[in-house]
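Chemist: Got a predicted structure plus its sequence, pasted below:
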2 protein chains.
Amino acid sequence: MKKVEILDTTLRDGAQSEGISFSLHDKLAVVETLDSLGIPLIEAGNPGSNPKDLAFFQEARQLRLVHARLAAFGATCRPGVAVTDDPQVRSLVQAGTPVLVIFGKTWDLHVTEVLKTTCDENLRMIRDTLAHARAHAERVVFDAEHFYDGFRANPDYALAALDAAAEAGADVLCLCDTNGGRFPEEIAEATRVVHKRLGSRVAIGVHPHNDSGLAVANALTAVRAGAIHVQGTLIGFGERCGNVNLATTIANLQLKGGYTCLPADKLAGLTAAARRVAEIANTGLSDDQPYVGAKAFTHKAGMHMDGVRKCSESFEHVPPESVGNARRFLMSEIAGRSAVLARIQRVAPAVQKTDKVVDEVVLRLKELEQQGYQFEGADGSFELLVRKALGLHQPHFALEHYQIIGERPAKNEQEGASAIIKIRVEGRTEMTAAAGDGPVNALDRGLRKALERFYPSLAEVRLTDYKVRVLDGNRATEAKVRVLIESTDGHAVWTTVGVSTDIIEASWFALADSIEYKLSH
Amino acid sequence: MKKVEILDTTLRDGAQSEGISFSLHDKLAVVETLDSLGIPLIEAGNPGSNPKDLAFFQEARQLRLVHARLAAFGATCRPGVAVTDDPQVRSLVQAGTPVLVIFGKTWDLHVTEVLKTTCDENLRMIRDTLAHARAHAERVVFDAEHFYDGFRANPDYALAALDAAAEAGADVLCLCDTNGGRFPEEIAEATRVVHKRLGSRVAIGVHPHNDSGLAVANALTAVRAGAIHVQGTLIGFGERCGNVNLATTIANLQLKGGYTCLPADKLAGLTAAARRVAEIANTGLSDDQPYVGAKAFTHKAGMHMDGVRKCSESFEHVPPESVGNARRFLMSEIAGRSAVLARIQRVAPAVQKTDKVVDEVVLRLKELEQQGYQFEGADGSFELLVRKALGLHQPHFALEHYQIIGERPAKNEQEGASAIIKIRVEGRTEMTAAAGDGPVNALDRGLRKALERFYPSLAEVRLTDYKVRVLDGNRATEAKVRVLIESTDGHAVWTTVGVSTDIIEASWFALADSIEYKLSH
């Protein structure tokens, strides 16, 4: 299989995305994640424009990388300045990375209107900087900024800029769609022209952006037209609409395109690596990301579930495990009986499709969905519902009464509310009180306080997410609300749900389910 | 310019997305949003599989739509069942929409392995159902499910299924990449074959999914190969990784492809419509969506800001205003200022860019945004903020203290909470109490009760929407929440916002703003 070299720029172009900022510690963690995934080139900073990046590259020398080489990124020298006199170029070389990526202008509009110099001077800048880099690094990449826009506006000049970089010793000419505006047919044509002209002497690369929603298609098109190097970011971070998503691109190329990007045994690590990078960036991975998102192999329509059960390729373009992801079936009013059965069987494997309990659960599900419940994101509550229907559930406590009091202004700003809870547990009535930020927080604290004495394992439980959805918001403050709570004990993660016109009560239902779920495992 | 007909299926295929569920009220609001954007076809439900959808279609007959026609979606009749005996087909026709979309199998694997019938019987089902639909609707679309996978596996059979639909009277043959797994070159080839065979008799359409990150490219490719009908969802909702994003597709086709999808004056409404649909679905629009996302024209790197300032096309593929979006410079006071100025001038047209009040509002806005406020959807609160900064606002009441009490079980199920409110109004301290469904409802009722005596015009005010978004959900029950309230007095509609870790307090802020807004007009 033909090889395509991947360069990840999460730490450089990705960090130019609004809301993304990496600490030194974060950067090292990203490098380690990418290295263990088998990414061969990691562009990790722009030391000439960001002094903190220089510190990172010094620190990074300690890393023992298995698969990856680090690259530093910088511009050509400035107009009218000798390359050896340019402080930005000096910082770049100082980074001491085995690979250097130099970007230069190839669109004449940028040369004259943004850089405010002449087309000839720009060629001189490219030539001198590439030759200088050549002398200081094992491998030199020329990022031809705005190449595709430049090729469209003035192909002769855009190609002359590439010629200059190639003559000065670039190993890779990477063609950038910096503004993300070009269509695949334009990418194909320009890449073919470059490949024909220079492909026998240097490697051709591509660097697409997603402003037209076409970045992945543009990367694939360029590869078909001769590119053997792709620059992007693992989960699509990047200025504006992002760089090309490498997780998607790699999976497409390697599973369906007949190319190799990662060592074959590494592809199953793709989902975990994508989630790890999202976690380090503290953004969370969008659920609908191709291949690696939480919803990528999630089925909600009953007909789809039925199809996948009969033959997985009927509704899945690749096996989820090929990229380390997993199939999920959601419970919902559009899910059929057989989906419900499959979920019941996880709790009680002996149950058959014709058993009465299946009807009971389906009926109860419909009733609850009418009331506004939704179990597709609430595995914990769904499991309790099944256990109850099967007669397997023994409640660990019962509410006798709670009262919450909230006031503003509050005596203590952090404790605007308090809760008094009376519950029946192990044959006794237990009463506690607790204060909190708001009434839900007070109720949460009060319930745990009452129960922890009886069930010490609850001390491990933490709530990790709290979501509120107002149903029929047009009934305004009389509207029903649905509360979803995610909990963990450090090992398992479960989600529970509650619905009421009273947000406190809805939260109570979800809280009580969360605790019951933990205690029944 | 060549026309491409757009069918939006946010309410049908989009609703098959995890976490998306629309109430009847939400559905009507989505239809109105799409209609005013100029979308010609809206597929709004599957009445045969979901009884609630039938209720929606009955309600929808009251709508006065300007641009759009509604479509109901359903399957062909079942194997071995006459079309007139199939309850699913009966519900579909009962919906009474001018347009019917019938989906049928075209991949032989699905026919034999999922439907468990014969290839001939499947052709009979297509033929009979399409002919039946033909007799009951103005326009009939055949959704050729899994067409591209089917064409790859058994092209003769896939084409025979299309022939059957065309002969039975379909107006549109819509080719689906149901699993989202096919590459643009496969889409191009198959679409060309179909167009050559049937394009002179029926319109060819495309229905791509995004499982390979290629949905937009596949839509464009199919259009180039002869398709003149595109099915997708405005902001990409849909099973698994979503349907093709229509906002991106429409902007690509209309701004760069030389096609017309919407009336020319409607394209500038694209961003607002996308945000409105996200708001209705209570999901928020991802910032990095091409064209319409908040970051689509946001510049963070200094070099990019400099370039855009010199010449906007240097870093923007299209002008942001062409799709109703706006350019943002991060960390750039100048850009922030002029946007704020425009909003201030709506309240006080005489204010100039250099006036001190502009700085004050910018500063206050930044502080509040840090706290989690967001004024994009809260014009009422923003106007109050500006009035306060301009010294134009005279508060009509001041909170001295409120206390809310909630309990479960409650003496009266409908009144689980009560509120005691002490406010200062017209120089007097007024104290009232009220009961409600939950604490927010009780607070709402108590506040009106206290004020209506002084301001009888408040009797006209109704709250029409109430939304809660949890910020930092991972802080669980200690998380901040943002409450949005929409109000009307029968003439105007305004939205106000409140943020706090205490949901009651956040609701109070939004309620108090809503009342103040009404009283200051």
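Modeler: That came in fine, so what should we check first? Numbers count the residues shown, from 1 in each chain, chains lettered A, B, ... in the order given.

Chemist: was I right about A:Thr298 contacting A:Asn325?
Modeler: No: the pair A:Thr298 / A:Asn325 is not scored as a contact, 9.7 Å apart, by CB atoms under 8 Å. Using the backbone N, CA and C atoms, a C-beta is placed for each residue, glycine as well.

Chemist: if I look at the two, which residues touch both of them?
Modeler: Common contact partners of A:Thr298 and A:Asn325 (CB atoms under 8 Å, 6 or more residues apart in numbering or on different chains): none.

Chemist: how close does A:Tyr430 get to A:Glu460?
Modeler: Wrong residue type there; residue A:430 is Glu, not Tyr. According to CB to CB, to the nearest Å, A:Glu430 stands 20 Å off from A:Glu460.

Chemist: Name the nearest residue to the spatially most central residue of chain A, sequence neighbours excluded.
Modeler: Residue closest to the average C-alpha location in chain A (CA atoms, centre = their mean): A:Leu285, at 2.6 Å. Closest residue to A:Leu285 apart from its sequence neighbours, by CB to CB, 6 or more residues apart in numbering or on different chains: A:Ala278 at 4.0 Å.

Chemist: And stretch A:17-30, what's buried?
Modeler: A:17-18, A:20, A:22, A:26-30 (16 or more other CB atoms under 10 Å in any protein chain shown).

Chemist: follow-up on the earlier one: so the residue nearest to A:Leu285 is in which element?
Modeler: helix A:270-280 (DSSP states H and E).

Chemist: What's the local residue count around the residue in the stretch 201-350 of chain A that chain B sits nearest to?
Modeler: Closest residue of the stretch 201-350 of chain A to chain B, CB to the nearest CB: A:His317 (2.7 Å). Other residues near A:His317 number 24, with proximity taken as other CB atoms under 10 Å in any protein chain shown.

Chemist: can you give me the helices in the stretch 401-521 of chain A?
Modeler: A:439-452, A:503-519 (DSSP state H, counting those that start in this stretch).

Chemist: Make JSON lines from those helices and add distance to chain B and mean neighbour count to it.
Modeler: Below are the helices of the stretch 401-521 of chain A laid out as JSON lines (distance: least, CB to the nearest CB, whole Å; neighbours: other CB atoms under 10 Å in any protein chain shown):
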{"stretch": "helix A:439-452", "distance to chain B": "4", "mean neighbour count": "23"}
{"stretch": "helix A:503-519", "distance to chain B": "5", "mean neighbour count": "24"}
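
Chemist: and the residue nearest to the centre of chain A, which of the three is it?
Modeler: With DSSP: H, G, I helix; E, B strand; the rest coil as the basis, A:Leu285 sits in coil.

Chemist: residues touching it, list them.
Modeler: With CB under 8 Å, 6+ apart, A:Leu285 has these contacts: A:235, A:274-275, A:278, A:292-294.

Chemist: Return the member of the residues you listed nearest to B:Ser381.
Modeler: A:Ala278 (32.2 Å; CB to CB).

Chemist: Do I have it right that that closest one meets A:Thr233?
Modeler: No: in this structure, A:Ala278 is not within contact of A:Thr233 by CB under 8 Å, at 11.3 Å.

Chemist: what about the two, which has more around it?
Modeler: Neighbours were tallied for A:Ala278 and for A:Thr233 using other CB under 10 Å; the higher tally belongs to A:Thr233 (26 against 18).
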